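I'll drop the sequence and a predicted model, then ask my questions.
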Amino acid sequence: MGSTFHGVIAFALMAGLLAVGSLLRSRLGFLRASLVPGSIVAGVIGFILLSSDLIPGYGPSDFTALAFHFFTLSFMSLCLTGGAKPANGEAKQGIVGGGLWLTLIWTASLGAQAVIGFALMAGYDLLSGSDLSPLLGAIVTHGFTQGPGQALTYGTIWENDYGIANAAQVGVIFASLGFVAAFVVGVPAARYFLKRGLNSNRESTLDADFISGFHAPTQQPIAGKQVSHSGTVDSLAWHIGLLGIAYVITYVWLTAMQPLVAGSQVLSVFFSYNLFFIHGLTVCVLMRLAIDRFGWSSKVDDDTLKRITSGSVDFMVVATIMSIQIAVLSALLVPIILVAVVVTLVTFLGAMAIGKLSGRLGPERAVTAFGCCCGSTGTGLLLLRMLDADFSTAVPKELAFFNIAIIVANIPTLFFFSPIAPMLGTWKYLAIFGGYAVVALACIPLLLKWQRRRANHPPSTEEPNPT
């Protein structure tokens with residue numbers, strides 16, 4: 001049985017470090033002040049231990065697969081969760097409008113980061129005499145705007161199928177730097193808006209629970225409902241079982257399709273296990289539609305699924321940072337830092353400028369979009385909570401629309417062009433991703449016009465009226 005422990009202990013190490021990192025975050029003043037999540041603290045500790053050879057028998061590669069699967073689980077559980085319902089007469093059209101602003105920022109960021117990263121890496125090659133692939137710079141967009149899972153997924157495809165050396169590792173490094181950028185830049189920006197009273201939620205403050213990282217005993221919220229009797233099956237096990245069904249269906253689907261598409265290079269990439277998350281989220285969307293259609297929604301608790309999503313994101317962050325290979329980071333430190341700094345600056349300025357145009361909830365949308373473009377939706381929510389502690393504005397619900405809209409709006413780039421980017425060539429790649437950014441920015445006047453028309457002839461208020 002001893003041979004079975006290696007993978008289990010790798011997961012146990014992550015879990016233990018997550019507990020230690022969260023406790024340190026709650027105890028050390030400088031970590032509390034930074035509001036850095038415990039998962040990042042845990043990942044950094046793990047990275048230092050692995051880089052110093054202080055965890056015998058384990059290396060960064062032991063955590064790469066865990067990062068991939070926790071990323072996949074986070075997406076699949078999110079898609080299995082029911083959609084948010086407008087409450088208290090809330091204007092659905094208002095939420096769509098705000099969600100479109102968030103989608104516009106994210107789409108523009110996706111294209112702009114790719115072009116900037118590509119150009120900077122090509123420029124670095126020219127000045128230094130290096131022979132690095134410009135796509136090592138372009139993958140910053142998958143690490144920043146999309147997050148660790150996609151960076152690892154696309155990087156692995158580029159590396160294994162097209163020979164782009166270290167693409168997966170560089171993508172993971174950019175993803176880790178994206179989380180750092182979100183908090184190093186995003187937290188001061190949120191505090192700026194908060195101190196000047198520019199946020200809409202006047203009751204929002206940095207409460208003690210948020211700063212400490214743990215809820216006081218009298219303030220601990222209830223998360224999730226027991227939908228199954230424990231005499232039959234534990235409710236958490238039931239929900240994990242639903243995800244297990246989706247996982248198996250996705251695996252069987254890909255296994256069956258791969259021999260059928262073996263003759264096509266593009267389709268072979270699309271139906272590879274590296275893009276498991278795309279097929280998995282599709283399966284979960286269809287499962288959720290079936291659950292709602294047949295009246296089984298009472299047997300699924302959305303709060304429990306949200307906990308699974310959040311927990312998977314925490315483990316994904318830890319595994320991502322622990323997956324960094326110090327040798328790759330050291331060898332490419334200068335171009336990686338150059339790309340990360342410029343992309344952070346451009347993304348921040350773009351989010352602030354476009355967010356300001358979006359209307360009354362501009363500050364909230366700006367910091368939220370910046371967080372989403374440097375890490376994940378969870379990062380955006382954490383920054384939003386600084387300005388909207390009880391999530392009473394429409395922005396959290398706009399994010400629900402946003403998560404669907406960005407996938408629909410970016411199907412060509414995310415599902416077709418990104419996996420085969422090395423096949424496209426320089427000018428075609430820049431035209432596609434740069435074109436997407438230009439189209440997104442060109443939509444700003446249209447969205448402003450629609451916003452003014454709604455203001456002059458409002459169908460309903462953007463947020464619920466107090467009763």
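Perfect, I can see it now.

Show me the helices in the stretch 301-450 of the chain, by range?
For the stretch 301-450 of the chain, applying DSSP state H, counting those that start in this stretch gives helices covering 302-322, 326-331, 333-357, 362-372, 377-387, 395-409, 411, 421-424, 426-456.

can you list the residues that contact stretch 262-272?
157, 161, 254, 257-258, 261, 275, 278-279, 415-416, 419-420, 423 (C-beta atoms under 8 Å, 6 or more residues apart in numbering). Where C-beta positions appear, they are placed from N, C-alpha and C, glycine not excepted.

which one of those residues is nearest residue 74?
Distance to residue 74, by C-beta to C-beta, is smallest for residue 278 among those, at 13.8 Å.

number of nearby residues for the closest one?
20 (other C-beta atoms under 10 Å).

residues touching it, list them.
By C-beta under 8 Å, 6+ apart, the contact set of residue 278 is 270, 414, 415.

Redo the contacts of stretch 262-272 as CSV? Include distance to residue 132.
Formatted as CSV, the contacts of stretch 262-272 follow (distance: C-beta to C-beta, whole Å):
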residue, distance to residue 132
157, 18
161, 18
254, 32
257, 34
258, 32
261, 32
275, 25
278, 28
279, 32
415, 27
416, 25
419, 21
420, 20
423, 19
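
wait, residue 356 sits on residue 366?
Yes. Contact criterion C-beta atoms under 8 Å: residue 356 and residue 366 qualify, at 6.8 Å.

Compare those two and say which is more crowded by neighbours.
Between residue 356 and residue 366, counting by other C-beta under 10 Å, residue 366 is the more crowded of the two (29 against 12).

Please tell me the pLDDT value assigned to the nearest residue to the more buried one once chain neighbours are set aside.
Nearest residue to residue 366, sequence neighbours excluded (C-beta to C-beta, 6 or more residues apart in numbering): residue 355, at 2.7 Å. On pLDDT, residue 355 comes in at 91.

How many residues are close by residue 355?
A count of neighbours around residue 355, defined by other C-beta under 10 Å, yields 22.

about what we covered before: show the buried residues in the contacts of residue 278.
For the contacts of residue 278, a burial check counting by 16 or more other C-beta atoms under 10 Å picks out 270, 414.

Including pLDDT, could the contacts of residue 278 go into JSON lines?
Formatted as JSON lines, those follow (pLDDT from 0 to 100):
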{"residue": "270", "pLDDT": "79"}
{"residue": "414", "pLDDT": "81"}
{"residue": "415", "pLDDT": "78"}
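
Can you give me every residue that contacts the residue nearest to residue 366?
101, 105, 362, 363, 365, 366, 367, 369.

ok so, going back, check the helices of the stretch 301-450 of the chain for me and report the most buried one.
Mean neighbour count (mean count of other C-beta atoms under 10 Å) peaks for helix 362-372 among the helices of the stretch 301-450 of the chain, with a mean of 29.

Could I get the contacts of residue 278 in TSV, plus columns for distance to residue 50?
Shown next, in TSV, are those (distance: C-beta to C-beta, whole Å):
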residue	distance to residue 50
270	33
414	31
415	33
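
between the contacts of residue 278, which is nearest residue 198?
Relative to residue 198, the closest of the contacts of residue 278 is residue 414; by C-beta to C-beta it sits at 33.2 Å.

ok, that closest one touching residue 432?
No. Counting by C-beta under 8 Å, residue 414 stays clear of residue 432, with 11.7 Å between them.

buried ones in the longest helix along the chain?
As assigned by DSSP state H, the longest helix anywhere in the chain is helix 92-128. Neighbour counts over helix 92-128 (16+ other C-beta under 10 Å) mark 94-95, 97-122, 124-125 as buried.

how close does the most centrally placed residue in the chain get to residue 293?
Nearest to the mean C-alpha position of the chain, by C-alpha atoms, centre = their mean, lies residue 376 at 2.3 Å. Applying C-beta to C-beta, to the nearest Å, the value for residue 376 to residue 293 is 30 Å.

Also residue 349?
Going from residue 349 to residue 293 by C-beta to C-beta gives 45 Å.

next one: residue 190
Shown here: residue 190 relative to residue 293, a distance of 40 Å by C-beta to C-beta.

quick one: which of these two has more around it?
residue 190 (27 against 9).

Contacts only, for the more buried one.
Residues counted as contacts of residue 190 (C-beta under 8 Å, 6+ apart) are 367, 383, 386, 387.

Hmm, which of the residues you listed is lowest in pLDDT?
Within the contacts of residue 190, pLDDT is lowest for residue 386, at 75.

Could you report the separation of that residue from residue 193?
On the measure of C-beta to C-beta, residue 386 and residue 193 end up 8 Å apart.

Next: residue 394.
With distances taken as C-beta to C-beta, residue 394 is found 17 Å from residue 193.

Of those two, which one has the most company?
residue 394 (26 against 18).

Distance from the chain centre to the least confident helix or strand in the chain by mean pLDDT, please.
Here the helix or strand of the chain ranked lowest by mean pLDDT, DSSP states H and E is helix 208-212, holding a mean of 72. With C-alpha atoms, centre = their mean, to the nearest Å as the basis, helix 208-212 stands 23 Å off its chain's centre.

confidence score at the residue nearest to the centre of the chain?
For residue 376, the pLDDT comes out at 74.

Once you drop chain neighbours, what's closest to it?
Leaving aside its chain neighbours, residue 376 sits nearest to residue 147 (4.5 Å; criterion: C-beta to C-beta, 6+ apart).

so how far is residue 379 from that neighbour?
Relative to residue 379, residue 147 is positioned 9 Å away (C-beta to C-beta).

Residue 323 now?
Separation of residue 323 from residue 379 (C-beta to C-beta): 18 Å.

Also residue 357?
In terms of C-beta to C-beta, residue 357 sits 22 Å off from residue 379.

Over to residue 321?
Look at residue 321 and residue 379: by C-beta to C-beta, they are 14 Å apart.

Can you pull out the low-pLDDT segments for the stretch 151-300 of the chain?
201-207, 210, 265 (pLDDT under 70).

what are the ranges of the strands in it?
Applying DSSP state E, counting those that start in this stretch to the stretch 151-300 of the chain gives no strands.
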